[in-house]
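> Return atomic coordinates for the entry below.
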Amino acid sequence: MGILNDLWLGLQEFGQFLPILMMFIGVIIGIVVGVLPGLSPSIGVALMLPVTFGLDPISALVLLVSVYLASNYGGSITAIAINTPGTPGAVATTFDGYELTKQGKPLYALMTSLTASTIGGLVGTIILILFSVPLATLALSFESYEYFALGVFGLTIISSLAGKSPLKGFISSGIGLLLITIGFDTQLPFSRFSMDIPDLADGITFIPALIGLFALGEIFYSIEKGDTVKVEKTAKVDLSKTLPVKKLLQLKTIMLKSSVIGTLVGCIPGAGGTIATFIAYDSAKNSSKHPEEFGKGSLEGVAAPEAANNGSVGGALVPLLTLGIPGSASTAVLIGALMIHKINPGPELFNKEPGLVYGIFVSLFFANIFMFFVGLMGNKLWIKIIAAPKSLLYPIILALSFIGSYFIQNSVFDVGICIAFGVLGWLLKRGDFPTAPVILGLILGKMIEENLRLSLIKGDWIDFFTRPGSLIIIVLAIVSFFMPYIKKKLMKKGV
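This is a model prediction of the structure:
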């Protein structure tokens with residue numbers, strides 16, 4: 001009955017004109033932020049922070065969490081339409097989403113992404129409401145050993161992303177791991193491999209690298225091939241005729257499982273939605289009846305990362321609200337918003353301000369529903385973007401890529417990083433090397449190195465196998481790595 005009373009208080013807090021208006025505005029702004037390359041959810045939330053100064057606490061936080069939630073979905077739109085992930089969490093969506101677009105089925109991918117994102121957000125919100133305190137306690141028990149194991153677990157996904165050539169997949173991930181060593185040492189106060197270039201002292205800026213590798217790499221490769229693939233006109237037909245509800249219902253298990261994965265990984269401070277999407281994608285491929293379709297336009301391959309991505313929003317709010325620890329870059333900005341309004345996150349917040357906390361939870365629930373309808377109405381607009389002539393589309397993508405890269409740090413050097421990674425993406429595509437493992441290496445490299453060194457300073461190698469948490473994750477990593485090969489052998493034997 002305690003939770004029901006708190007939810008009623010939350011509904012009363014949220015159910016006023018201004019918080020509801022802020023939710024509507026936040027969802028629309030969030031989708032736009034997600035669509036624009038270079039503007040991550042954390043940047044979108046940060047840009048909205050000054051707007052909240054004159055608002056009451058519930059309206060301010062509703063606006064910010066709505067932007068956070070919707071921008072996670074918005075990143076999938078350009079990932080599907082033009083192979084340009086609008087946010088880092090949408091990288092895994094490009095694997096199958098863009099393939100469906102090239103096959104003339106963008107509505108399949110867009111509707112699957114929208115549905116999965118909505119379900120992921122709703123599941124994450126429900127788990128947030130029911131299990132906030134226990135999940136936060138579990139996340140807080142993680143030390144450097146578990147974080148290292150989690151990073152290794154993430155790298156095992158390469159075996160699923162590498163396609164027919166695991167060796168090429170490992171070479172690509174090796175490139176990412178090598179590139180992440182550029183910049184300041186994780187333990188010592190000096191810069192490595194920066195070649196005395198001041199702009200490289202802090203390492204490679206991730207967002208420009210991501211944009212260059214996927215967006216520019218695809219453009220350079222398409223121009224070289226003289227690619228003039230056009231989306232079929234049938235993609236514009238009525239949604240009910242192109243994607244039957246029956247097909248979406250077939251994805252319910254994948255969506256629910258991936259939503260839980262996203263929420264659980266999101267609870268771990270520093271892990272974030274991007275890692276959750278890769279883990280969910282790998283899990284979906286390993287459990288699929290048709291793993292051979294992944295990377296070639298599988299609806300499961302779109303549903304899994306998108307459900308996990310939005311599920312991670314609820315997960316990231318768990319350590320923020322219950323312990324005052326940011327679970328992601330976006331929730332780090334949210335801590336600033338709480339402090340601006342003189343609210344201290346932590347266990348006491350649930351006792352002192354239950355209406356505020358549960359008002360945020362209720363707003364997330366309604367924001368997901370509103371996001372679904374906005375996305376549904378926007379599908380025709382996204383289709384028009386997809387169907388635009390390449391001669392018009394490519395210059396726009398290039399311009400957005402350069403603008404997005406520049407405004408991360410107001411740096412022309414970051415534009416150069418974007419171009420350099422565009423060339424790298426083009427060269428990898430020419431050699432039939434997968435590009436996704438490079439991003440995986442960039443995401444996980446720092447986490448693995450930092451926590452490995454910290455663990456070895458505190459203890460020895462044996463500690464990784466004596467701690468239950470790290471041992472379980474390492475075992476899961478080994479199983480995940482070998483699962484694709486085991487399934488191939490079983491399929492050959494007809495098992």
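> ok, now how distant is the residue nearest the centre of the chain from residue 75?
Centrality entry for the chain: nearest residue to the mean C-alpha point is residue 89, 1.8 Å, by C-alpha atoms, centre = their mean. Residue 89 is 6 Å from residue 75, where distance means C-beta to C-beta, to the nearest Å. For glycine as for every other residue, the C-beta is placed from the backbone atoms N, C-alpha and C.
> quick one, helices of the stretch 1-150 of the chain?
2-14, 17-35, 41-48, 57-82, 91-102, 106-140, 144-155 (DSSP state H, counting those that start in this stretch).
> Please read the previous query as pertaining to the stretch 251-400 of the chain.
Assigned by DSSP H, counting those that start in this stretch, the stretch 251-400 of the chain shows helices spanning 252-267, 272-287, 299-323, 329-340, 347-352, 354-387, 390-409.
> Let me know which of those is tucked in deepest.
Of all the helices of the stretch 251-400 of the chain, helix 299-323 has the most neighbours on average by mean count of other C-beta atoms under 10 Å, namely a mean of 32.
> could you check the angle helix 91-102 makes with that helix?
Counting by axes from the mean of the first three to the mean of the last three C-alpha atoms, to 10 degrees, helix 299-323 lies at 150 degrees to helix 91-102.
> and helix 299-323, what does it pack onto?
helix 57-82, helix 91-102, helix 106-140, helix 252-267, helix 272-287, helix 329-340, helix 347-352, helix 354-387 (3 or more C-beta pairs under 8 Å, 6 or more residues apart in numbering; DSSP states H and E).
> What mean pLDDT does the shortest one get?
Taken as a whole, helix 347-352 has a mean pLDDT of 72.
> next one: the first one
Helix 57-82 shows a mean pLDDT of 88 in the predicted model.
> thinking in terms of the whole chain, how far from its middle is that helix?
Offset of helix 57-82 from its chain centre (C-alpha atoms, centre = their mean, to the nearest Å): 12 Å.
> and it, what does it pack onto?
Using 3+ C-beta pairs under 8 Å, 6+ apart: helix 57-82 touches helix 2-14, helix 17-35, helix 41-48, helix 91-102, helix 106-140, helix 299-323, helix 329-340, helix 354-387.
> and of those helices, who's closest to residue 450?
Using C-beta to C-beta as the measure, helix 329-340 is the one of the helices and strands packed on helix 57-82 that comes nearest residue 450, at 16.4 Å.
> about what we covered before: quick check: neighbours shared by residue 89 and residue 75?
Common contacts of residue 89 and residue 75 (C-beta atoms under 8 Å, 6 or more residues apart in numbering): residue 309.
> that older thread, let me have the helices of the stretch 1-150 of the chain in JSON lines, extended by distance to residue 201 and mean neighbour count.
Listed next are the helices of the stretch 1-150 of the chain as JSON lines, based on distance: least, C-beta to C-beta, whole Å; neighbours: other C-beta atoms under 10 Å:
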{"stretch": "helix 2-14", "distance to residue 201": "45", "mean neighbour count": "16"}
{"stretch": "helix 17-35", "distance to residue 201": "29", "mean neighbour count": "21"}
{"stretch": "helix 41-48", "distance to residue 201": "22", "mean neighbour count": "24"}
{"stretch": "helix 57-82", "distance to residue 201": "29", "mean neighbour count": "29"}
{"stretch": "helix 91-102", "distance to residue 201": "26", "mean neighbour count": "26"}
{"stretch": "helix 106-140", "distance to residue 201": "32", "mean neighbour count": "23"}
{"stretch": "helix 144-155", "distance to residue 201": "24", "mean neighbour count": "24"}
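> would you turn those into a markdown table with distance to residue 297?
Below are the helices of the stretch 1-150 of the chain laid out as a markdown table (distance: least, C-beta to C-beta, whole Å):
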| stretch | distance to residue 297 |
| --- | --- |
| helix 2-14 | 40 |
| helix 17-35 | 22 |
| helix 41-48 | 27 |
| helix 57-82 | 11 |
| helix 91-102 | 4 |
| helix 106-140 | 8 |
| helix 144-155 | 24 |
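> Which one of those lies nearest to residue 322?
Of all these, helix 106-140 comes closest under C-beta to C-beta, at 3.9 Å.
> starting at the chain centroid, how far to the closest one?
With C-alpha atoms, centre = their mean as the basis, helix 106-140 stands 12 Å off its chain's centre.
> what angle do it and helix 272-287 make?
110 degrees.
> as a whole number, average confidence for helix 106-140?
Rounded mean pLDDT across helix 106-140 is 84.
> And the pLDDT for residue 102?
Looking at residue 102, the pLDDT reads 81.
> got the contact list for stretch 424-439?
Against stretch 424-439 from outside (C-beta under 8 Å, 6+ apart): 88, 91-92, 94-95, 158, 161-163, 165, 168-173, 175-176, 179, 209-210, 212-214, 216-218, 220-221, 224.
> got the buried residues for it?
Neighbour-count burial for stretch 424-439, counted by 16 or more other C-beta atoms under 10 Å, picks out 424, 425, 426, 428, 429, 433, 434, 435, 436, 437, 438, 439.
> what would the helices and strands packed on helix 299-323 look like in JSON lines with distance to residue 51?
Formatted as JSON lines, these follow (distance: least, C-beta to C-beta, whole Å):
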{"stretch": "helix 57-82", "distance to residue 51": "7"}
{"stretch": "helix 91-102", "distance to residue 51": "29"}
{"stretch": "helix 106-140", "distance to residue 51": "22"}
{"stretch": "helix 252-267", "distance to residue 51": "25"}
{"stretch": "helix 272-287", "distance to residue 51": "24"}
{"stretch": "helix 329-340", "distance to residue 51": "10"}
{"stretch": "helix 347-352", "distance to residue 51": "23"}
{"stretch": "helix 354-387", "distance to residue 51": "16"}
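> Which one, of these, ends up nearest to residue 36?
helix 57-82 (8.2 Å).
> From the buried residues of stretch 424-439, which one has the minimum pLDDT?
Looking at these by pLDDT, the weakest one is residue 436, with 74.
> what's the distance between that residue and residue 210?
From residue 436 to residue 210 the distance is 11 Å (C-beta to C-beta).
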